[in-house]
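1. just need the structure, nothing else, for what follows:
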Amino acid sequence: MINNSKALINTIVLNLSVALVYALCCYLASQYMIRTTLSVTIWPATGIGIGCVFVWGARVIPGIVLAELINAFVLYKVHQSFGWHMATLYDVLLYLTNIFRPLFAGFLARHIAGVSPLLIDLPKILRFFVVAAVLPCLFSTVIFACLLTLAGYYTVDDFLIKGTVWYISDLMSVLIFTPVVLSFFALPRSVWKPRIFSVGMPILIGFMLVFLLFHSFKGHEEKRINQMVKTHISYIVGIAQEQQLNISQLEAYLERQSESLKLDFYKIQLEEKVGGEFVNKYTSQEVLTDRYMHFVNSSNFTINSKDYRIVMTPTNAYFTLESSWGLWLTLFIAVSFVGIVGIGMLTMTGRQWITAREVEERTGQLAFINSELAERNKNYKKIIESQPVIFWKVDLQQDKVTYVSREAEAILGYHVKSWLTELHFFTRIIHPDDVHLVKDVIHKKEVDGEHTEVEYRIKHANGQYRWFRDYIHLASNSDESIEVMGMLVDITDRKSDTEKIQHLAFHDSLTQLPNRQKFQNELLELIYKAQENKRFGAVLFLDMDRFKVLNDALGHHFGDGLLLKVAGRLRDYEDDFKVISRFGGDEFVLATDCEFESQNDAAVQVIMLAEEIISHLAKPYKINEHSHVCTVSLGITIYPTSNSTVNDIIRQADVAMYRSKEQGRNQVTIYHESMKKDNDKMLFVEQVLRSAVTNDNFILKYQPIVDNNRNVVCFESLIRIFNEQQTIFPDEFIPVAEDTDLIQSVGRWVISHACLKIMDCQYNISVNVSSKQFHQQGFIMYIDQMLKRFNIQQGRLVVELTEGVVVGNINEIQYKFDRLKEMGVLIAIDDFGTGYSSLEYLRQLPIDYLKIDKSFVADLGKDESALVIIETIISMAQHLNLQTVAEGVETEEQFGILKGIGCSLFQGYLFGKPGDLINLQEHHLSNSEVIG
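-> Purely as a prediction, here's the structure:
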């Protein structure tokens, strides 16, 4: 409460002080008025008001309102013309405009220039005066000039001139008084307080001198005008007395002579004395002259014993015609000079403040730097002595150490005395292979004089070498001595870490063999070497047979152990190969040195070596107390060949390796150009396959499966690609699909289209699913989605899987088989008897059909063993409650034999070739005979 009261009192005192100073300055300025023009060269109200608003904001509005109210009564005498008429309205509007002028300019300047402008350079000073004076004063001047013209004080002819004079007076006010107010009261005081004596006081003193100068000249102008008015009065009175004119006659005379005597520029009043008082009998024109009462002149005269009085007052038009602008111009020039000096002082003091601040900042910075430097110098010795680095200095001419820090003993084990006393000591402890490197670096340093760094090895007192980075600098170079100084930093651990990182980047994390990147780098160097020496070498691409099956069946831990065993056996051949690497997975790639004189020589020698490797790797591996056999397939290519890159050579060996797998695995194949054609064909098939997936270029053919009576019980769907009038069969593109991970897209296409056909077919339809597709995530979910989407009844869809599917993670296989059975999907094992499977799996898994491979059926009647195998399969299936399907039945003889030994179902050209489902269905419905 006390604080609020104190703030209120302070605000009241502030506003009273502002009002008093504001009104007093306006009163003094009114003495500058050149009454003939109703203008002053400078009007303090504008500059003081803007300065106060700028400093105190809205707090000083009451003070400005009060000050303008005082001006209205003291200067403008508005109380003398109170009443309900236009003059009062104009006075009110002028009063409000006087208040509006400083408030508008002040708040505009606060908004644009900021609450606390420093005005320290000329651009900022000019910008401030533009927003505080040039723009707002122009707006308020237009309002003033319009009001004074409407009130009759200005005419249309002199509107522009007098308005300009008014505008200039406001500009001069801001130029003079606003800096004075700011210097006394603006914030920050650190900037403005010094300007009281450098800006504020010089401006005030200059203004007072101009005031005194003006005051001495102003009276002369007013006397001149009054004397001219009196001369006119004397002339008129003389005419009246000479011609003995009464009031009416004199009035008529004045009307006649108005133009010649220029009486239009006066307000003339003729008065007659009646009863002791003068009564107005005539007024020449009704114009406002109350602002010109200082120039009112009168003269009494008597005619025919009657007393008369003539009163003449100059009008606004008179002052426009007769007044002299010389005095105003003199005052304007003087005030302008003071204002310009003020701007110059503001600029100069601003620069001084900037300079002082920069000096202060630089001084502070210098003091801080000196303090920091002193602190650093203080700790420099401690740092040198405490850091695990060795500082040294050597005289090159004597090859003698002239200084070494005490840390040398802790880091390298040699006593400091040994460094300083033993000749050539430093040179002797540097590694012999690095001595020339260090000398070359120091010599270069001596020549160019620049800082340099070098890494080299130094022998520890215990006999081991440690790596150091040496930061060498030329200490002095004169005729007497050449001194080099340096700082040794032990980087042995860092070097070791770098080597470890380098090793990790270029070596396989499991086997520690070089990886693909390392092999490619080594092979590139070997190719360059072979081309230069015109020699030949070989690259061997090795892939473990059926590793994935073993890895999935026995676990990744077993797989990693097997890979380590294989890598260990390959290391037995390190003397025969330049590099032995693991590319990832179960792939190993080896390269011999380029030591053979011809390609044939290289091929013969390397093939023998490769066969030895295959034999060595085929021996059983003992892992977890169990023995396992894992063979390898191996491909060889000879380098260098014409225009073959590193990747080309690796690809050639890879192609040869795949040929080994195609030919039965566990063998060696050397690359030749014919394989390139096969490889190109695979690339072509891959392109066609990708196009078929994108553009839906697949087609499905269907082949019937019949019972003993040749009645159709099911159709097997067989996918084809139709490309440019050419049909591509599954045995060509399915392996490519599995290698390129397109098998899921192909498989899903087959399943979805087969399910769609089931809706229009009364027979079951089977689809082939590859092992890779079966093991992919989402396989079971997709089957379920298709069954629900097409509303397929249970038992209508048959999934055919190769027996390789049932080798692997039994838990995953069991789960997926059970889920298929829950969904009503029948399961057939395709090509049974050609692969590797466990009979235990057949007993555990919910299988419906075993499809006997066509290779056994084809040998019926030719090979007795084929019949034995088929009988065994059928007998086993019957005991497991499974149906058998014989594939590839092409003759009646085969059909008869198979029926005789109990085969359930049959499939082959004897019953129908793969074709369109609708045509096949219609044919078998209309004809009970089989297709022959």
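2. please, where are all the strands along the stretch 651-800 of the chain?
-> Secondary structure of the stretch 651-800 of the chain by DSSP state E, counting those that start in this stretch: the strands cover 668-670, 698-706, 712-723, 726-728, 764-769, 797-802.
3. mind listing the strands the longest one pairs with, and their directions?
-> Read that as strand 712-723. strand 698-706 (antiparallel), strand 726-728 (antiparallel), strand 764-769 (parallel) (DSSP bridges).
4. what mean pLDDT does it have?
-> Taken as a whole, strand 712-723 carries a mean pLDDT of 92.
5. what's the angle from it to strand 797-802?
-> For strand 712-723 against strand 797-802, the angle by axes from the mean of the first three to the mean of the last three Cα atoms, to 10 degrees is 70 degrees.
6. then the second one?
-> Between the direction of strand 698-706 and that of strand 797-802, the angle (the same axes, to 10 degrees) works out to 90 degrees.
7. just the fifth one next, same as before
-> Here strand 764-769 runs at 30 degrees with respect to strand 797-802, directions being taken by the same axes, to 10 degrees.
8. of the strands paired with strand 712-723, which is nearest V401?
-> Closest to V401 of these is strand 764-769 (Cβ to Cβ; 79.9 Å). Bear in mind the C-beta positions are built from the backbone N, C-alpha and C, glycine included.
9. for that closest one, buried residues please.
-> Across strand 764-769, burial judged by 16 or more other Cβ atoms under 10 Å covers N764, I765, S766, V767, N768, V769.
10. contacts for it next, please.
-> By Cβ atoms under 8 Å, 6 or more residues apart in numbering, the list of residues contacting strand 764-769 from outside reads 702, 705, 713-719, 730, 747, 750-751, 754, 757-758, 779, 795-801, 805, 826, 828, 830.
11. show me which of the residues you listed are buried.
-> 702, 705, 714-719, 730, 747, 750-751, 754, 757-758, 779, 796-801, 805, 826, 828, 830.
12. dump the strands of the stretch 651-800 of the chain into a markdown table; add distance to P44 as well.
-> Formatted as a markdown table, these follow (distance: least, Cβ to Cβ, whole Å):
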| stretch | distance to P44 |
| --- | --- |
| strand 668-670 | 110 |
| strand 698-706 | 98 |
| strand 712-723 | 100 |
| strand 726-728 | 103 |
| strand 764-769 | 102 |
| strand 797-802 | 105 |
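13. for F817, find the nearest of those strands.
-> strand 797-802 (9.1 Å).
14. neighbouring strands for that closest one, and are they parallel or not?
-> strand 764-769 (parallel), strand 826-832 (parallel).
15. of the ones you listed, which approaches N881 most closely?
-> Once the strands paired with strand 797-802 are compared by Cβ to Cβ, strand 826-832 is nearest, at 13.2 Å.
16. following the closest one, which helix or strand comes up?
-> Going down the chain from strand 826-832, the next helix or strand is helix 839-844, by DSSP states H and E.
17. ok, residues contacting the helix or strand just after that following helix?
-> Sequence order places strand 849-852 as the next helix or strand after helix 839-844, per DSSP H and E. Here strand 849-852 makes contact (Cβ under 8 Å, 6+ apart) with 798, 800, 826-833, 870, 873-874, 877, 882-887, 903, 905, 907.
18. could you rerun that using 6 Å?
-> Residues outside strand 849-852 that contact it (Cβ atoms under 6 Å, 6 or more residues apart in numbering): 828-830, 832, 870, 873, 877, 882-887.
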